[in-house]
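Q: Model the following, please.
(2 chains)
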Amino acid sequence: MVDPSWYLTLAALLFVIGMAGVMTRRNALIMFMSIELMLNAVNLTFVAGGIGYANPEGQLAVFFVLVVAAAEVVVGLAIVVSVFRRRRSVNVDDLSELKG
Amino acid sequence: MQELLFAMGAAGAVAGALTLILSRHPVYSALGMLGTLFSLGMLYVTLLAHFVAGVQIVVYAGAIMTMFLFVIMYVGIDETLDTKESLRFQRIGALAVIGGSVGVGLLLATSKLFDWTPGVTVEAPLPSAELLGEAGTVESIGRVLFGTQRVPGNLDSFEPSGWLLPFEVTSILLIVAAVGAVALAMGRPKRRGSDNG
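A: Model (predicted):
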């Protein structure tokens, strides 16, 4: 029988994969997508937990996470585009001007 | 049946996520992410969260990934981006940190140090559709969101839920994000005598 802990385990696995992506890739866009993956894993946790507790507010939390994620993607992609215009690169290792 | 659906969704989600972080080509990464998002949408349906499933497909798989693909096409595809490692031992260090935190998490989850059992048991089988009723539909989510849940036993009165103000604040957030994105992407206005506009 499938119980919510299966979903929680899957969400943890997806979160770890996203974390590995953020820490190992150097392409700003792929790092960004990995962050989205981590947000999605948390969404799955919210829904599975809400079902486990029979509480509809878990799904409401997903709605708010979704709105914040959409806003974050819009601003983040605009930053990536403007950095690319100036530097002709989306490699985060090239953005080291603040290095002391 | 439910096990089969969960296995399909989970396999799709993990495969897409691995494609996302392992492929050199950013477009393949985006397609892997898309597969993950669709698989998660299917898993939400198995959890009877129909509203979240629909929103997942429309907003994430539709809007957000389209924007990612636009930007990937705009900045071009540079497959040599990730071959050079400018911080030494970064990947090994990152994998060590991840492995260590996963190990500590598993250790804590299996140890008896903490009592993980919540007030309501999460290990119970998934509630059936009859038990949950309409918990995942747009109407029921809207009732929670706008505070029009019926007070039990009194059909004429509604109890407020407190989610209305956060919901309205999200609209401000979205407007600010849209205006900020436009301002960032337009760049600063060109001044005379400056060569980098």
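Q: Helices of chain B, start to end?
A: B:2-22, B:26-46, B:50-55, B:65-75, B:90-110, B:129-132, B:138-145, B:164-186 (DSSP state H).
Q: average pLDDT across the third one?
A: Meaning helix B:50-55. Mean pLDDT, computed over helix B:50-55, is 90.
Q: what's the answer for the shortest one, then?
A: Averaging pLDDT along helix B:129-132 yields 52.
Q: same thing with the fifth one?
A: For helix B:90-110, mean pLDDT is 84.
Q: before we move on, back to that, could I get the helices of chain B as CSV with mean neighbour count?
A: Where you see a C-beta, it was placed from the backbone N, CA and C, and this is true even at glycine. Below are the helices of chain B laid out as CSV (neighbours: other C-beta atoms under 10 Å in any protein chain shown):
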stretch, mean neighbour count
helix B:2-22, 18
helix B:26-46, 22
helix B:50-55, 20
helix B:65-75, 17
helix B:90-110, 12
helix B:129-132, 11
helix B:138-145, 16
helix B:164-186, 13
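Q: Mean pLDDT lowest where, among those helices?
A: helix B:129-132 (a mean of 52).
Q: re the thing from before, now the helices of chain B as JSON lines including distance to chain A?
A: Conversion of the helices of chain B to JSON lines gives the following (distance: least, C-beta to the nearest C-beta, whole Å):
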{"stretch": "helix B:2-22", "distance to chain A": "4"}
{"stretch": "helix B:26-46", "distance to chain A": "5"}
{"stretch": "helix B:50-55", "distance to chain A": "5"}
{"stretch": "helix B:65-75", "distance to chain A": "5"}
{"stretch": "helix B:90-110", "distance to chain A": "4"}
{"stretch": "helix B:129-132", "distance to chain A": "7"}
{"stretch": "helix B:138-145", "distance to chain A": "5"}
{"stretch": "helix B:164-186", "distance to chain A": "4"}
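Q: Turn those helices into a markdown table, columns for distance to A:Val80.
A: Output for the helices of chain B, formatted as a markdown table (distance: least, C-beta to C-beta, whole Å):
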| stretch | distance to A:Val80 |
| --- | --- |
| helix B:2-22 | 17 |
| helix B:26-46 | 12 |
| helix B:50-55 | 25 |
| helix B:65-75 | 6 |
| helix B:90-110 | 21 |
| helix B:129-132 | 41 |
| helix B:138-145 | 32 |
| helix B:164-186 | 10 |
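Q: do you know which of those helices lies nearest A:Leu60?
A: Closest to A:Leu60 of those is helix B:138-145 (C-beta to C-beta; 5.6 Å).
Q: Return the distance of the closest one from the chain's centre.
A: Between the centre of helix B:138-145 and the centre of its chain there are 20 Å (C-alpha atoms, centre = their mean, to the nearest Å).
Q: what's the longest helix in chain A?
A: helix A:57-87.
Q: Would you mark the buried spots in that one?
A: A:57-64, A:66-67, A:69-84 (16 or more other C-beta atoms under 10 Å in any protein chain shown).
Q: What angle do helix B:138-145 and it make with each other?
A: 90 degrees (axes from the mean of the first three to the mean of the last three C-alpha atoms, to 10 degrees).
Q: so does helix A:57-87 get close to chain B?
A: Yes: part of helix A:57-87 sits near chain B under the criterion C-beta under 8 Å from any C-beta of the partner chain, namely A:57, A:59-60, A:62-64, A:66-75, A:77-82, A:84-86.
Q: Stretch A:24-42 too?
A: Yes: using C-beta under 8 Å from any C-beta, stretch A:24-42 reaches chain B at A:Thr24, A:Arg25, A:Arg26, A:Asn27, A:Leu29, A:Ile30, A:Phe32, A:Met33, A:Ser34, A:Glu36, A:Leu37, A:Asn40.
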